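> sequence plus predicted model, see below.
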Amino acid sequence: MRYIATVILIFVGLATQAQQQIIDKVVATIGSELVLLSEVEEQHALSLAQRGTLPEDARCRIVEQLMANKLLINQAVLDSVEVSEDEVETQLDARIEQILSYMNGDIEQFETYYGQSIGAVKEQFRRDLRNQLLSERMRSQIMADVKVTPSEVKSFYSSITVDSLPYFSSEVEISEIVMRPKTNEAERNKMITKLEDIKAQIENGTSDFPSMAQKFSEDGSARLGGDLGWASRGKFVPEFEAAAYKLKDNEISDVVTTEFGFHLIQMLGRRGNAINVRHILLRPRPSDNDLELAERKLDSIRTLIMDDSISFSVAVKTYSFEDIQSYNNDGRMVNSVTGNTFFEVGDLDPDVYFTIDTMEVGSMSKPFRFRQQDEYFFRLVRLESRTQPHTANLAADYSKIQKAAIESKRNEFINNWIENRIDDTFIQVDTRYNGCLNLDLWRKAREIRP
């Protein structure tokens with residue numbers, strides 16, 4: 001049997017729960033942790049909605065996964081694994097923000113779908129998210145030292161039948177230099193003047209901060225009246241944080257300049273070293289002339305590289321935009337899905353794909369414009385490598401095979417840990433699941449009593 005613990009799905013069950021009330025009861029006890037019937041049924045309903053059909057033993061598998069997850073949580077509590085309140089709050093805010101982005105920022109749609117306010121949704125799932133983080137942290141600690149040797153990688157590869165070897169499409173590695181156009185002084189002054197006028201309207205009572213944030217602020221917090229939630233030192237960029245921590249309750253700052261643009265900040269409250277502020281953000285827009293100047297400069301950098309007057313690596317550190325991930329990787333673009341530097345050509349952004357399509361390995365493109373988070377940038381790319389479509393082999397795909405070998409070893413390790421830990425934990429399973437053969441090992445566990 002295998003007990004690969006799954007992550008608890010946050011937020012997804014609430015809409016179902018609002019429509020279908022389940023008479024709740026405890027269906028399994030794992031140490032101090034409980035599995036509720038509602039958890040099983042919500043996971044089952046979600047899986048059914050996603051897949052359309054489920055095998056007959058679907059509930060048995062769900063119970064097994066939930067119990068494995070609770071076992072990790074129980075051990076995390078025993079080992080005093082810590083998850084801070086700030087971490088939980090940050091994760092909650094991020095997940096709310098992600099869901100809102102799917103709904104085009106429509107708060108009313110969010111609250112209609114979940115049948116509760118954003119605040120109520122966060123409150124309801126705070127404990128679930130904390131448990132999820134505990135489970136993930138415990139799992140990470142258990143597998144922290146799991147590694148594979150080259151001989152284990154070779155053995156793992158040899159264990160795969162020829163017919164089961166994956167087929168890899170053409171992949172490329174790409175380096176880039178990214179330039180962020182600078183906004184002219186007149187546009188910057190225009191934004192500052194606008195924020196100063198907004199501040200004056202708020203202070204003379206003709207408007208209020210939340211409504212002005214909803215109307216003018218150019219970031220996701222606008223939907224919440226500019227509220228950034230509770231945060232401790234280190235969350236915000238230094239310029240923003242320095243200004244925020246000087247404010248008294250309800251005080252509004254002067255215009256603050258950061259890499260993101262221009263801000264007005266209002267202090268809402270303090271809790272020791274944590275603050276709750278809201279802000280209004282305006283981002284200055286570069287003019288057509290500003291964009292043209294940036295493109296010309298990047299093209300001149302390309303010429304310097306091609307003339308061997310400067311290396312690509314030095315050009316990255318000297319001229320590339322520091323907040324782009326590739327800046328800290330010597331210009332190499334990293335695939336966010338795989339974590340390595342290889343991209344299947346079909347997964348590239350269209351502008352990059354069409355740029356490198358006819359390029360030779362080692363050649364460099366002309367600068368081209370792209371858009372990210374409502375801003376325009378320019379990039380030039382160099383094609384570092386290109387592979388042909390092929391069946392997986394150790395010579396060409398060692399890093400991928402190594403990653404698969406590590407994952408296989410980790411799964412085996414966590415499965416063994418769970419099976420061993422079962423014997424040391426008080427466990428009870430409801431008789432309604434007596435027909436679940438996959439739960440036999442859990443039912444045979446020794447009951448630890450005080």
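On my side now, so go ahead.
> tell me which stretches of the stretch 101-250 of the chain form helices.
For the stretch 101-250 of the chain, applying DSSP state H, counting those that start in this stretch gives helices covering 107-114, 118-142, 150-158, 185-203, 209-216, 238-244.
> from start to finish, how long is stretch 110-121 in a straight line?
End-to-end distance for stretch 110-121, by C-alpha to C-alpha, to the nearest Å: 10 Å.
> buried set for it?
Phe110, Tyr114, Gln116, Ile118, Val121 (16 or more other C-beta atoms under 10 Å). Every residue, glycine included, has its C-beta placed from N, CA and C.
> distance of the third one from Lys122?
Noted for Gln116: a distance of 9 Å to Lys122, by C-beta to C-beta, to the nearest Å.
> next, the buried residues of stretch 169-183.
Using 16+ other C-beta under 10 Å as the test for burial, stretch 169-183 gives Glu171, Val172, Glu173, Ile174, Ser175, Glu176, Ile177, Val178, Met179, Arg180, Pro181, Thr183.
> give the rounded mean pLDDT of that stretch.
Average pLDDT, stretch 169-183: 94.
> output it as CSV, restricted to C-alpha atoms.
The C-alpha coordinates for stretch 169-183 follow below in CSV (Å, rounded to 0.1, in the frame of the first residue of the first chain):
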residue,chain,number,x,y,z
SER,A,169,9.7,17.4,-27.5
SER,A,170,12.3,19.9,-28.7
GLU,A,171,13.6,22.0,-25.9
VAL,A,172,15.5,25.2,-25.8
GLU,A,173,17.6,27.2,-23.3
ILE,A,174,17.4,31.0,-23.5
SER,A,175,19.3,33.9,-22.0
GLU,A,176,17.9,37.4,-21.9
ILE,A,177,18.6,41.0,-21.1
VAL,A,178,15.6,43.0,-20.0
MET,A,179,15.3,46.8,-20.0
ARG,A,180,12.6,48.7,-18.2
PRO,A,181,11.9,52.0,-19.9
LYS,A,182,12.4,55.1,-17.7
THR,A,183,9.5,57.5,-17.4
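> max-length helix in this structure?
Using DSSP state H, we find that the single longest helix of the chain is helix 394-422.
> show me where the stretch 301-450 of the chain has its helices.
Going by DSSP H, counting those that start in this stretch, the stretch 301-450 of the chain shows helices at 312-319, 350-356, 394-422, 440-443.
> and the contacts of the shortest one?
Identification of contacts with helix 440-443 by C-beta atoms under 8 Å, 6 or more residues apart in numbering yields Met1, Ala28, Glu64, Met67, Glu419, Ile422, Ile427, Val429.
> quick one: average pLDDT of the strand or helix carrying the third one?
Using DSSP states H and E, Glu64 sits in helix 58-78. For helix 58-78, mean pLDDT is 95.
> from Pro389, how far out is the closest residue to His390 other than its chain neighbours?
Nearest non-adjacent residue to His390, counting by C-beta to C-beta, 6 or more residues apart in numbering: Phe168, 5.9 Å away. As for Phe168, its distance to Pro389 is 7 Å (criterion: C-beta to C-beta).
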